[in-house]
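**Q** Give me the fold of what follows.
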Amino acid sequence: MNNRAENSNAPWWKHGFVWMVIAGPAIVVVAGFVTLYLAISRPNEIVSDDSYLQARQSDQSIEARRKESSTAPAMLGRNHAATGIVPKSD
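**A** Numbers count the residues shown, from 1 in each chain. Now for the predicted structure:
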């Protein structure tokens with residue numbers, strides 16, 4: 001019991017939990033500064049408008065083909081449910 005009374009009278013820096021509470025936010029602040037340093041020291045490359053448009057057009061054509069092929073069974077089922085006509089099998 002005497003040890004507990006001595007521990008409560010100790011200065012704040014001798015308590016381990018205080019350092020654990022301080023360490024969390026301190027680590028986050030240091031990580032923020034590291035992230036800021038990395039963002040400033042390694043800027044992204046400048047992308048020209050032409051290369052962006054070419055990449056965007058190719059992405060749209062790929063997406064259109066993917067959408068057509070992935071919705072085909074759903075469209076057949078929807079049409080069958082709406083009309084009652086069984087689609088022909090190819």
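
**Q** quick one: low-confidence parts of the chain?
**A** 1-7, 47-49, 51-76, 79-80, 84-90 (pLDDT under 70).

**Q** run the last query once more with 80
**A** 1-8, 44-90 (pLDDT under 80).

**Q** How is it divided into domains?
**A** Using automatic domain parsing, the domains assigned to the chain come out as 1-43, 51-90.

**Q** and the helix or strand containing residue 28, what does it pack onto?
**A** Element membership for residue 28 (DSSP states H and E) is helix 16-41. Secondary-structure packing of helix 16-41 (3 or more C-beta pairs under 8 Å, 6 or more residues apart in numbering; DSSP states H and E): no helix or strand packs against it. Placement of C-beta: from N, CA and C, glycine included.

**Q** can you pull the buried residues of that helix?
**A** Judged by neighbour count (16 or more other C-beta atoms under 10 Å), helix 16-41 contains no buried residues.

**Q** Tell me how many other residues crowd residue 77.
**A** 11 (other C-beta atoms under 10 Å).

**Q** One more: residue 8?
**A** Residue 8 has 7 nearby residues by other C-beta under 10 Å.

**Q** Could you measure from it over to residue 20?
**A** 18 Å (C-beta to C-beta, to the nearest Å).

**Q** Over to residue 45?
**A** 42 Å.

**Q** and what of residue 9?
**A** 20 Å.

**Q** ditto for residue 13
**A** Using C-beta to C-beta, residue 13 is found at 13 Å from residue 20.

**Q** next one: residue 29
**A** Distance, residue 29 to residue 20, using C-beta to C-beta: 16 Å.

**Q** Would you mind measuring from residue 21 to residue 14?
**A** Residue 21 is 14 Å from residue 14, by C-beta to C-beta.

**Q** quick one: contacts of stretch 19-34?
**A** residue 13 (C-beta atoms under 8 Å, 6 or more residues apart in numbering).
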